[in-house]
Each structure stands twice: as C-alpha cells, then as structure tokens.
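Chemist: would you be able to build a 3D model of this:
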Amino acid sequence: MEIICNQNELNNAIQLVNKAVSSRPTHPILANILLTADQGTNKISLTGFDLNLGIQTSFDGTVTNSGAITIPSKLLSEIVNKLPSETPVSLEVDDNSESILIRSDRGSFNIKGIPSDDYPNLPFVESGTSLNIDPSSFLKSLKSTIFASSNDDSKQLLTGVNFTFKQNYLESASTDGHRLAVALIGNEEFNENKDNSLFNEGNLSVTIPTRSLREIEKLVSLKSSEKSIKLFYDKGQVVFISSNQIITTRTLEGTYPNYSQLIPDNFSKIFNFNTKRLIDALERIAVLADQQSNVVKIKLDDKDSASISADAQDIGNANETIPVSYSGENFDIAFNVRYLLEGLRVISSENVLLKCNLSTTPAVFVPEDNLNSFTYLVMPVQVRS
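Modeler: A predicted model of the protein is given here:
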C-alpha cells in the first residue's frame, strides 16, 4: 500500500477515530487504527472500533497502491500531529514485514503495524429500520437531555439517552434518578420515509450510551448544514451515516423507565422567572453553595420577588433577590444548584416557569413560550429548618 495525503486531513481523521480506540484493549489490535486505501477512488479511510463504539471517516488523497493495515493509534497520532501542518505526508507499507514508512519533507518514521485480517468488522445494519434524521433537530434533542443521564454504571440503562422517533417529531429523555429531562423536537424528515412501515407498527425507541452520544454529537455538529443523516437500527445496534463518516454504537438493552408517569398532571404553584436573571443569580449563589452541600434555597414570601440563598456552615452565606411573577401563599423550596443550572442553561426562552405543589414533591421547569418542547423535573432537597 502506498498513499500521499495532506497532513491536516490525516491528522483530523486520526483525532476523530481515536475516540473509538480502546484505552484498555482486550486484544492488541484494538489499540490500533485500521487504515485502508482504494486506488480506484483515491479514497483513504480510517476506522477505530472498541467493540462498543465504532467511528469510520474517509477523505481524498493519492493512492498508488490499494491496501489495508492497522497502525498503533497513540503512536500514529503523536507522529502525524507533530508533522508540519498542511504539508504532504506519504505512507508506504511493506506487505512482507508489516512495516510502515511515514515520510514528510522534514524526515521519516518507521513503525510496525498489525495485518488488517484480524481487525473486527464494523457492524452494519443490513435489515431492520432505516430513517432520515434532520441533523439540527437531532442535535437540539441531544443537547437538551444528555446532561441529565446517570454516571452510575450500576444503573446501566440510565447511562444513556432514550430516543423515541415518532411520526413527525423526536422525543428524547434522560434521568439519573434525581432529575429528568424530556425534549420534544419536530422532525419533518420522517415524512420522507413513506416506504418504511415503522410508524404503522409503533414508534422506534432506542437508548444510546452517553459516551457514544458525545462522539455522535460532534459528527452531527459538523453535518448540521446537511439536509439529513441516515440512521439504521437493528438488534441492539445503531449506525449513523453521513457523506463521509460512519458511527456505529451498541444500544443499552432493556425497557427504559416510563418517565411520563413521573411528571405531575397538575400544579398548585407556578412561578415565572426571567431565565437569564435566574441563571445569573444561581451562578453567583453557587460560589457559596459549592463550598459545602450544593444546596440553594428559594424563598417566596413576596409577590414580586424571590430570595435565593445558600448557607455554608463555618464558611459564610449568600443571599440575592430577583423579580418573580407569582400569586399565592408563602413558599420555600431547596434544590441542588448544579442540577438547576444544568437544566436552565438548555432553556432558550426569555422566561421560565417553575411549577410545584409541595417543597417535598417533584418540581418542574418549562420554557414559558413553548410549554411542551422541554420539561425538566427536579427532586427538591430536604432542608432542616
């Protein structure tokens, strides 16, 4: 195999697929990147695959001889990253010794590869369900919920985001047991799937691991100007395909919790805050709250203002008053300030509604201008008087 390509393009491709290379491989070849080159199309393709997450990307170069080889990921990344930017880089593989010669105008490196025969194939979905998804809709849905997924591996199903693809919209949800984020985003692309019986048989629901979604988010961000990205799903595997990139990931198996029943139907108290003023106040109060318990108290004993406070024992306390629109009796409630800030930051509307019943039952934040598009449920913190 013999190729010549641009250093910048090769480096970008390596950094992308590196995210799917195992840091603790069960087999030496899984610490490698698969590089393939096609003389007929002059396409160079790189693949990383840790048996859960797979990323493949391709770009144009000059291919003198077709072939494939796997190269140690860390070594290749460090070498190419340090080569002069935008200069031509050539790779030659000795098929007899699996030796790889990397050359630039500054010098050369000779490293040992492993034959590509034992490299696992990326799972491709040959049957099952295929959908066109609108990149910007999917990205919005992902960003609105990914932050609330769990980091606890013992709650395996909660370490991902659940996506339900419905006739004209996409619903995403994540929870860690303390809070729940649900987003409803319109997706007109689904109307193009006239040949797909998916929506006659019921909605497609998949739970994708957060780790995989972080990489899918980067891919979709780069493709947000494209009209659609293809999604394939079958037997616990999801594949995203755009013009020159493929990401494949296993899904989290099991039935995702019925989160809709966690959201109360009615609320006796509704408070209307300016979103930015509430976030700014919470960020300032968080300086003290973070010192100890992360707890922030919201006290409503005036119809036009709310008092936000934090008390860090033996360190100090903080208090700030912000405007609120509310008609009702005095009310106190406390939350983990980090949970509040993470949910509020994905709300784009000017005003946000805080809906609750008691200081001990779930509270819900929703954007005022689009009440059904995003729901953020948070469990209050019990505070001793």
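Chemist: where does the prediction get shaky in this protein?
Modeler: Scanning the chain for pLDDT under 70 picks out 125-126, 187-202, 223-225, 371, 385.
Chemist: do you have the helices of it handy? List them.
Modeler: Taking DSSP state H as the criterion, the chain contains helices spanning 7-18, 73-82, 135-143, 198-201, 210-222, 275-289, 337-344.
Chemist: test my guess that residue 43 contacts residue 37.
Modeler: Yes - between residue 43 and residue 37 there is a contact at 7.4 Å, judged by CB atoms under 8 Å. From N, CA and C alone the C-beta is placed, and that goes for glycine too.
Chemist: name the residue in these two with the higher neighbour count.
Modeler: Relative neighbour count places residue 37 above the other of residue 43 and residue 37, with 25 against 16, counting by other CB atoms under 10 Å.
Chemist: still on that earlier bit, turn the helices of the chain into JSON lines, including distance to residue 243.
Modeler: Output for the helices of the chain, formatted as JSON lines (distance: least, CB to CB, whole Å):
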{"stretch": "helix 7-18", "distance to residue 243": "14"}
{"stretch": "helix 73-82", "distance to residue 243": "23"}
{"stretch": "helix 135-143", "distance to residue 243": "11"}
{"stretch": "helix 198-201", "distance to residue 243": "24"}
{"stretch": "helix 210-222", "distance to residue 243": "10"}
{"stretch": "helix 275-289", "distance to residue 243": "37"}
{"stretch": "helix 337-344", "distance to residue 243": "33"}
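Chemist: mind putting those into TSV with distance to residue 165 and mean neighbour count?
Modeler: As requested, the helices of the chain are exported to TSV (distance: least, CB to CB, whole Å; neighbours: other CB atoms under 10 Å):
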stretch	distance to residue 165	mean neighbour count
helix 7-18	26	19
helix 73-82	33	17
helix 135-143	10	21
helix 198-201	8	12
helix 210-222	15	19
helix 275-289	29	18
helix 337-344	24	20
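Chemist: between those, which gets nearest to residue 150?
Modeler: Smallest distance to residue 150 across those (CB to CB): 8.4 Å, for helix 210-222.
Chemist: please save the CA atoms from the closest one in CSV.
Modeler: This file holds the C-alpha atoms of helix 210-222, laid out as CSV (Å, rounded to 0.1, in the frame of the first residue of the first chain):
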residue,chain,number,x,y,z
THR,A,210,-23.9,8.9,26.7
ARG,A,211,-20.2,8.1,25.8
SER,A,212,-21.2,7.2,22.2
LEU,A,213,-23.5,10.3,22.0
ARG,A,214,-20.6,12.6,22.8
GLU,A,215,-19.0,11.5,19.6
ILE,A,216,-22.2,11.4,17.6
GLU,A,217,-22.8,15.0,18.8
LYS,A,218,-19.5,16.0,17.2
LEU,A,219,-20.3,14.2,13.9
VAL,A,220,-23.8,15.7,13.7
SER,A,221,-22.5,19.2,14.6
LEU,A,222,-20.2,19.0,11.6
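Chemist: contacts for stretch 326-340?
Modeler: 178-179, 268-272, 282, 285-286, 289-290, 294-301, 303, 306, 310, 356, 359, 363, 365, 378, 380-383 (CB atoms under 8 Å, 6 or more residues apart in numbering).
Chemist: swap in 7 Å and give it another go.
Modeler: Contact with stretch 326-340 is made by 178-179, 269, 271-272, 282, 285-286, 289, 294-301, 303, 356, 359, 363, 378, 380-381, 383, as judged by CB atoms under 7 Å, 6 or more residues apart in numbering.
Chemist: among these, name the ones in strands.
Modeler: 179, 269, 271-272, 295-300, 356, 363, 378 (DSSP state E).
Chemist: how is the protein partitioned into domains?
Modeler: Domain ranges of the chain: 2-118, 129-260, 263-378, per automatic domain parsing.
Chemist: so among the contacts of stretch 326-340, which ones count as buried?
Modeler: Buried subset of those (neighbour count, 16 or more other CB atoms under 10 Å): 179, 269, 271, 282, 285-286, 289, 294-300, 356, 359, 363, 378, 380-381.
Chemist: sorry, back to before: for residue 53, which of the helices of the chain is the nearest?
Modeler: helix 210-222 (4.9 Å).
Chemist: show me where the stretch 1-150 of the chain has strands.
Modeler: 2-6, 32-38, 43-49, 53-60, 62-65, 67-72, 88-94, 99-104, 107-112, 129-133 (DSSP state E, counting those that start in this stretch).
Chemist: with distance to residue 341 added, can I get those in JSON lines?
Modeler: What follows is the strands of the stretch 1-150 of the chain, written out as JSON lines (distance: least, CB to CB, whole Å):
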{"stretch": "strand 2-6", "distance to residue 341": "42"}
{"stretch": "strand 32-38", "distance to residue 341": "38"}
{"stretch": "strand 43-49", "distance to residue 341": "34"}
{"stretch": "strand 53-60", "distance to residue 341": "29"}
{"stretch": "strand 62-65", "distance to residue 341": "50"}
{"stretch": "strand 67-72", "distance to residue 341": "41"}
{"stretch": "strand 88-94", "distance to residue 341": "44"}
{"stretch": "strand 99-104", "distance to residue 341": "46"}
{"stretch": "strand 107-112", "distance to residue 341": "46"}
{"stretch": "strand 129-133", "distance to residue 341": "29"}
